[in-house]
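Peer 1: Provide a 3D model corresponding to the input given below.
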Amino acid sequence: MSAVLSVIIVSWNVRDLLQRALASVYASWGEQPGLEIIVVDNASHDDSVAMLRENFPGVHIIANTENRGFTGGNNQGLAAATGDFLLLLNPDTEVVDDALPRMAAYLQAHPDVGMVGPQLLNPDGSVQSSRRRFPTLPVLFLESTWLEKLAPRKLLRSYYAQEQPDDLVQDVDWITGAAMLTRRETVAQVGGMDEGFFMYSEELDWCRRIREAGWRVVYFPEARIVHYEGKSSEQVVPARHIYFQSSKVRYTRKVHGNAAAECLRLWLLAQYVWQIGVEGAKWLIGHRRDLRAARVAAYHQVLKSKLRVTSCEVRSAKCESANRRIGEATDRAKPTTRNP
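Peer 2: Have a look, this model is predicted:
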């Protein structure tokens, strides 16, 4: 029997968090049938795969021999999934109560909705920002830089959809990627994630494609999931900066064109030059020298990368072909929709 809900988790060296996430998935779904769990391990070296085989024998494991990134791993999971509904879930999450059947029931009841995101919570129980509007060029140039604090308050308030209450079910432009529930028909139509984004901005790009295909994207706070945030990416700080910023450049190129993307790339590199100067000055006066040296080294790695988009962008035709294959595979495996 095909699954109703396929949960896809891409994991890299977060064994203990992964174990907790899986336990919460099983607890949330309960005894009802139709749950499929796929874990794509991106060449972890912390015995994650051994833990899965010992403690979760029902989980479908895809053990990669290299790190294929968030997008590549999720596309592997999407291609293997058999569910009517497809949940991309981070390993650093913990599902609260009956969030999964609630989300599936909402998607079942609203056939025009192509993506649902729960309310994400910080570990202390506070609401984590997870809903967005599409970024304008000013947002792309200012958000997540040291100049963000100088940006007009209205600009970022609109970007983060802060004028809407946190507890209101609402249509949004996109949701952050810690927990994203979509349907098989949606993926069959728009394809998988763009593997030109190794990580970061991939959910923004995916939601834009889903919206452009005519589907709604909905923030659904009646389902809640705790997100411990960034436990894989924080292990490699220079790479985190490089992927975050180069993904922003790639998104800008796709939406706003080459000229805007090149201006953004040079602008961001200039921010790192400035930050190297600031951190270097603090090092010279003896202020937390280990921290300053680590930051300077990380920022030098960013400059060395030149924020060139990943190699997949150079092979963009192959990337687009891969995305189409995900959609085709999803369409071929399409089961009969069932009530969750």
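Peer 1: per-residue pLDDT of Ser144, please?
Peer 2: We have a pLDDT of 86 for Ser144.
Peer 1: whoops, Thr176 was the one
Peer 2: At Thr176, pLDDT is 95.
Peer 1: can you pull the phi/psi pair for the residue nearest to it when sequence neighbours are not counted?
Peer 2: Leaving aside its sequence neighbours, Thr176 sits nearest to Ser130 (Cβ to Cβ, 6 or more residues apart in numbering; 4.5 Å). C-beta coordinates here come from the backbone N, C-alpha and C atoms, glycine included. Torsion angles at Ser130 (phi, psi; degrees, to the nearest 10) stand at phi -140, psi 0.
Peer 1: check contacts around Ser130.
Peer 2: Shown in contact with Ser130 (Cβ atoms under 8 Å, 6 or more residues apart in numbering): 117, 119-120, 175-176, 178, 219, 227.
Peer 1: excluding its backbone neighbours, what's nearest the most centrally placed residue in the chain?
Peer 2: Centroid-nearest residue in the chain: Gly177, 3.0 Å away (criterion: Cα atoms, centre = their mean). Closest residue to Gly177 apart from its sequence neighbours, by Cβ to Cβ, 6+ apart: Glu203 at 3.6 Å.
Peer 1: tell me which helix or strand the one you found sits in.
Peer 2: helix 202-212 (DSSP states H and E).
Peer 1: report all helices and strands that that helix contacts.
Peer 2: Identification of packing neighbours for helix 202-212 by 3 or more Cβ pairs under 8 Å, 6 or more residues apart in numbering; DSSP states H and E yields strand 113-121, strand 174-175, strand 179-183, helix 184-190, strand 216-227, helix 237-256.
Peer 1: ok, which of those comes nearest Lys149?
Peer 2: Comparing the helices and strands packed on helix 202-212 by their distance to Lys149 (Cβ to Cβ), the top pick is helix 237-256, with 18.1 Å.
Peer 1: show me what the mean pLDDT comes to for the closest one.
Peer 2: The average of the pLDDT scores along helix 237-256 is 90.
Peer 1: for that helix, buried residues please.
Peer 2: If you call a residue buried by 16 or more other Cβ atoms under 10 Å, then helix 237-256 has these buried ones: 238-256.
Peer 1: what about that helix, distance to the chain center?
Peer 2: Mean-position distance between helix 237-256 and its chain equals 13 Å (Cα atoms, centre = their mean, to the nearest Å).
Peer 1: I'd like to know which elements it is packed against.
Peer 2: With contacts defined as 3+ Cβ pairs under 8 Å, 6+ apart, helix 237-256 has these neighbours: helix 137-142, helix 202-212, helix 258-284, helix 289-305.
Peer 1: C-alpha coordinates for it, PDB please?
Peer 2: C-alpha atoms of helix 237-256 as PDB (Å, rounded to 0.1, in the frame of the first residue of the first chain):
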ATOM      1  CA  VAL A 237      31.200  28.500   9.400                       C
ATOM      2  CA  PRO A 238      33.100  29.700   6.200                       C
ATOM      3  CA  ALA A 239      31.000  27.300   4.000                       C
ATOM      4  CA  ARG A 240      27.800  28.600   5.600                       C
ATOM      5  CA  HIS A 241      28.700  32.200   4.700                       C
ATOM      6  CA  ILE A 242      29.700  31.200   1.100                       C
ATOM      7  CA  TYR A 243      26.500  29.100   0.500                       C
ATOM      8  CA  PHE A 244      24.200  31.600   2.000                       C
ATOM      9  CA  GLN A 245      25.500  34.600   0.000                       C
ATOM     10  CA  SER A 246      26.200  32.800  -3.200                       C
ATOM     11  CA  SER A 247      22.600  31.300  -3.100                       C
ATOM     12  CA  LYS A 248      21.300  34.800  -2.700                       C
ATOM     13  CA  VAL A 249      23.200  35.900  -5.800                       C
ATOM     14  CA  ARG A 250      21.900  32.900  -7.700                       C
ATOM     15  CA  TYR A 251      18.300  33.700  -6.700                       C
ATOM     16  CA  THR A 252      18.800  37.300  -7.800                       C
ATOM     17  CA  ARG A 253      20.100  36.200 -11.100                       C
ATOM     18  CA  LYS A 254      17.100  34.000 -11.700                       C
ATOM     19  CA  VAL A 255      14.600  36.600 -10.800                       C
ATOM     20  CA  HIS A 256      16.200  40.000 -11.400                       C
END
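Peer 1: ok, and what's touching that helix?
Peer 2: 137, 140, 144, 196-202, 204-205, 208, 230, 233-234, 260-261, 264-265, 268, 272, 294, 297-299, 301-302, 305, 307-310, 313.
Peer 1: of the residues you listed, keep whichever come out buried.
Peer 2: Using 16+ other Cβ under 10 Å as the burial test, the contacts of helix 237-256 include 140, 196-202, 204-205, 208, 233, 260-261, 264-265, 268, 272, 298-299, 302, 305, 307, 309-310, 313 as buried.
Peer 1: hang on, the earlier thing: any idea how far the residue nearest to Thr176 lies from Ala178?
Peer 2: Noted for Ser130: a distance of 7 Å to Ala178, by Cβ to Cβ, to the nearest Å.
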